[in-house]
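In: Output the structure for:
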Amino acid sequence: MEEKDAYAGEKILDLLNFQELTREYNLSVNQNFLFLQETLIAEVRRRCRRGTTFFAPRSWRKPVKHLQVAAMRHLKSSPDEASVRAIACEVAACALTITNGKPYNYQWQAL
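Out: The predicted model follows:
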(Lines give C-alpha, C1' and ligand atoms only; values in the text may rest on other atoms or scores of the structure.)
Protein backbone atom coordinates (compact mmCIF):
# COMPACT_ATOMS: atom_id res chain seq x y z
CA MET A 1 0.00 0.00 0.00
CA GLU A 2 2.87 2.36 0.81
CA GLU A 3 4.37 1.84 -2.66
CA LYS A 4 1.11 2.96 -4.31
CA ASP A 5 0.96 6.03 -2.04
CA ALA A 6 4.58 6.89 -2.85
CA TYR A 7 3.89 6.51 -6.59
CA ALA A 8 0.78 8.67 -6.33
CA GLY A 9 2.78 11.26 -4.40
CA GLU A 10 5.41 11.35 -7.14
CA LYS A 11 2.72 11.80 -9.78
CA ILE A 12 1.19 14.68 -7.83
CA LEU A 13 4.61 16.33 -7.52
CA ASP A 14 5.06 15.93 -11.28
CA LEU A 15 1.69 17.59 -11.87
CA LEU A 16 2.58 20.41 -9.51
CA ASN A 17 5.54 21.40 -11.62
CA PHE A 18 3.86 24.64 -12.64
CA GLN A 19 6.63 25.73 -14.94
CA GLU A 20 6.02 22.67 -17.10
CA LEU A 21 2.24 23.03 -16.88
CA THR A 22 2.26 26.65 -17.96
CA ARG A 23 4.90 26.49 -20.70
CA GLU A 24 2.25 26.55 -23.44
CA TYR A 25 0.59 29.56 -21.83
CA ASN A 26 3.58 31.84 -22.16
CA LEU A 27 1.94 35.25 -22.10
CA SER A 28 4.91 36.94 -23.76
CA VAL A 29 3.76 35.33 -27.03
CA ASN A 30 0.68 36.72 -28.76
CA GLN A 31 -2.16 34.33 -27.94
CA ASN A 32 -3.91 35.02 -31.26
CA PHE A 33 -0.74 34.00 -33.08
CA LEU A 34 -0.46 30.80 -31.03
CA PHE A 35 -4.07 29.92 -31.78
CA LEU A 36 -3.59 30.45 -35.51
CA GLN A 37 -0.29 28.56 -35.52
CA GLU A 38 -1.95 25.56 -33.90
CA THR A 39 -5.24 25.52 -35.83
CA LEU A 40 -4.45 26.62 -39.40
CA ILE A 41 -3.68 23.76 -41.79
CA ALA A 42 0.03 23.92 -42.67
CA GLU A 43 0.08 22.96 -46.33
CA VAL A 44 1.30 24.94 -49.33
CA ARG A 45 -1.53 25.25 -51.83
CA ARG A 46 -1.95 27.06 -55.11
CA ARG A 47 -5.04 29.26 -55.10
CA CYS A 48 -6.82 31.19 -57.85
CA ARG A 49 -9.06 34.13 -57.13
CA ARG A 50 -10.41 36.65 -59.66
CA GLY A 51 -7.82 35.73 -62.28
CA THR A 52 -4.86 35.91 -59.88
CA THR A 53 -2.93 32.82 -58.90
CA PHE A 54 -1.02 32.75 -55.61
CA PHE A 55 0.43 30.29 -53.15
CA ALA A 56 -0.75 30.06 -49.54
CA PRO A 57 1.35 28.31 -46.88
CA ARG A 58 -1.69 27.80 -44.60
CA SER A 59 -5.43 27.19 -44.97
CA TRP A 60 -8.50 27.73 -42.83
CA ARG A 61 -9.93 24.82 -40.88
CA LYS A 62 -13.68 24.98 -41.66
CA PRO A 63 -15.10 24.05 -38.21
CA VAL A 64 -13.20 26.91 -36.52
CA LYS A 65 -12.83 29.34 -39.41
CA HIS A 66 -14.92 32.03 -37.69
CA LEU A 67 -12.59 31.86 -34.67
CA GLN A 68 -9.52 31.91 -36.90
CA VAL A 69 -10.79 34.98 -38.76
CA ALA A 70 -11.42 36.75 -35.43
CA ALA A 71 -7.93 35.83 -34.21
CA MET A 72 -6.44 37.08 -37.49
CA ARG A 73 -8.25 40.42 -37.11
CA HIS A 74 -6.97 40.79 -33.55
CA LEU A 75 -3.44 39.88 -34.66
CA LYS A 76 -3.58 42.44 -37.46
CA SER A 77 -4.84 45.15 -35.10
CA SER A 78 -1.98 44.67 -32.63
CA PRO A 79 0.94 42.87 -34.27
CA ASP A 80 4.11 42.17 -32.33
CA GLU A 81 7.58 41.68 -33.75
CA ALA A 82 7.93 38.00 -32.82
CA SER A 83 4.66 37.05 -34.56
CA VAL A 84 5.45 39.08 -37.67
CA ARG A 85 8.94 37.56 -37.83
CA ALA A 86 7.55 34.00 -37.54
CA ILE A 87 4.97 34.66 -40.27
CA ALA A 88 7.64 36.19 -42.53
CA CYS A 89 9.87 33.14 -42.05
CA GLU A 90 6.99 30.86 -43.01
CA VAL A 91 6.24 32.89 -46.15
CA ALA A 92 9.96 32.91 -47.06
CA ALA A 93 10.11 29.12 -46.61
CA CYS A 94 7.07 28.79 -48.89
CA ALA A 95 8.79 30.97 -51.53
CA LEU A 96 11.94 28.82 -51.32
CA THR A 97 9.83 25.70 -51.82
CA ILE A 98 8.11 27.15 -54.88
CA THR A 99 11.32 28.40 -56.53
CA ASN A 100 13.57 25.49 -55.45
CA GLY A 101 15.67 27.93 -53.44
CA LYS A 102 16.64 30.06 -56.41
CA PRO A 103 15.59 33.63 -57.24
CA TYR A 104 12.52 33.72 -59.45
CA ASN A 105 13.43 34.49 -63.06
CA TYR A 106 10.36 35.65 -64.95
CA GLN A 107 10.82 35.60 -68.72
CA TRP A 108 7.78 36.68 -70.64
CA GLN A 109 7.47 35.24 -74.10
CA ALA A 110 4.99 36.34 -76.71
CA LEU A 111 3.01 33.54 -78.29
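
In: Not counting the helix or strand hosting residue 66 itself, show me its contacts.
Out: Element membership for residue 66, per DSSP states H and E: helix 65-77. Contacting residues not belonging to helix 65-77 are listed as 30, 32, 33, 35, 36, 39, 40, 60, 61, 83 [CB atoms under 8 Å, 6 or more residues apart in numbering]. In short, each C-beta sits where N, CA and C put it, glycine included.

In: try it again with 10 Å
Out: Helix 65-77 is contacted from outside by 30-36, 39-40, 58-62, 64, 83-84, 87, using CB atoms under 10 Å, 6 or more residues apart in numbering.

In: Equivalent analysis for stretch 88-108, please.
Out: With CB under 10 Å, 6+ apart as the criterion, stretch 88-108 contacts 37, 42, 44, 45, 46, 55, 56, 57, 58.

In: about what we covered before: now which of the contacts of helix 65-77 would you call buried?
Out: The neighbour count (16 or more other CB atoms under 10 Å) marks 30, 32, 33, 35, 36, 39, 40, 58, 60, 83, 87 as buried among the contacts of helix 65-77.

In: Much appreciated, bye for now.
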